[in-house]
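Engineer: please work out how this folds:
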Amino acid sequence: MNFAWLVNLDRRWLFLIIGLLTLGPLVHPLGLPLTTSPPVKNFHDAIAGLSDGALVLMSCDYDPGSKPEVVPMTKTALRQLFDKHCRVVITCLWPGGSSLVDQTLESVVAEYRARGKAPEYGRDYVNLGYKAGNEAVMVLMGKGVANAFPQDQRAHATATLPIMHDVRDYSSFVLLVNISSGYPGTKEWVQQVNSRFHLPMVSGCTAVSAPEYYPYLQSGQLRGLLGGMAGAAEYEKLRGEKGSATQGMDAQSLAHAFVALCIVMGNVVQWSKRGGGAA
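Structural biologist: Predicted coordinates:
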């Protein structure tokens with residue numbers, strides 16, 4: 001078979017195909033099959049097993065640089081918590097992430113508002129905003145959440161908010177949901193809070209961070225783990241959602257399949273040239 005046309009193929013055609021394979025699923029999701037891994041199912045089940053109205057601490061420790069991976073899992077977790085009527089206290093330990101976390105939270109609340117059953121700020125959820133100090137903030141919250149965050153993201157005195165009347169320290173919460181991109185994040189929450197205050201915990205993180213946290217799953221310090229966009233997409237599948245993580249995984253899968261095809265075809269061309277030379 002003559003593969004000369006592949007040798008002379010303009011690389012711009014490859015760039016065009018990659019672009020189309022990436023853009024297509026983002027516009028029209030394909031819904032390619034996904035297998036749900038045990039860590040993702042455990043993350044989902046940890047929230048599903050909560051009592052309605054339970055108090056949950058959620059720390060969103062990331063910035064816009066990891067938005068494609070962590071924002072989809074943040075949104076899905078918030079939807080599951082709000083569907084369970086959980087009361088959610090949200091914090092952020094990354095200076096560059098405060099506004100992104102607030103936008104993400106309010107976009108989810110807007111979805112419920114459009115359906116006429118939005119959670120009420122200050123009663124059903126509160127965004128305490130950013131606090132500098134990393135692990136020191138975690139330790140301070142163990143002595144009193146209102147002490148660590150005297151004001152929320154909207155400059156309200158936290159002590160005046162109805163949701164905070166039931167919040168003292170970590171003993172007030174039944175679960176910690178941490179979505180993180182690095183330091184400070186899951187590792188520090190495990191070391192400073194789960195280990196010291198025994199607050200049950202689940203985590204969502206970037207794909208590059210996930211391998212570091214699997215030992216915490218094996219030890220039981222994490223009850224569930226979402227690793228990168230794949231974990232977020234699996235979580236969306238469990239929830240029956242087709243969000244941006246599912247779209248991203250469709251695009252990523254097609255692009256990876258095409259790259260693999262290019263590698264195979266490149267080797268076929270080389271083998272055919274060697275065969276022709278040997279003849």
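
Engineer: do you know the pLDDT at residue 226?
Structural biologist: Residue 226 is assigned 98 on the pLDDT scale.

Engineer: who's in contact with it?
Structural biologist: 39, 40, 43, 73, 203, 204, 205, 232, 234, 235 (CB atoms under 8 Å, 6 or more residues apart in numbering). Just so you know, the C-beta spots here come from the backbone N, C-alpha and C atoms, and that holds for glycine as well.

Engineer: in the sheet, who's paired with it?
Structural biologist: residue 204 (DSSP bridges).

Engineer: could you say which helix or strand holds residue 265?
Structural biologist: Using DSSP states H and E, residue 265 maps to helix 244-278.

Engineer: how about the contacts of residue 226 in a markdown table, adding distance to residue 119?
Structural biologist: A markdown table is the format used below for the contacts of residue 226 (distance: CB to CB, whole Å):
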| residue | distance to residue 119 |
| --- | --- |
| 39 | 28 |
| 40 | 25 |
| 43 | 21 |
| 73 | 19 |
| 203 | 23 |
| 204 | 20 |
| 205 | 25 |
| 232 | 22 |
| 234 | 25 |
| 235 | 20 |
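
Engineer: from these, which is closest to residue 268?
Structural biologist: residue 234 (34.2 Å; CB to CB).

Engineer: need the contact list for that closest one.
Structural biologist: Here residue 234 is in contact with 34, 35, 36, 37, 40, 226 (CB under 8 Å, 6+ apart).

Engineer: burial measure for the first one, as a count.
Structural biologist: When you say that, I think you mean residue 34. 19 (other CB atoms under 10 Å).

Engineer: before we move on, which element is it in?
Structural biologist: Here residue 34 is assigned to no helix or strand, by DSSP H and E.

Engineer: report how many residues lie close to residue 124.
Structural biologist: Using other CB under 10 Å, residue 124 is surrounded by 19 other residues.
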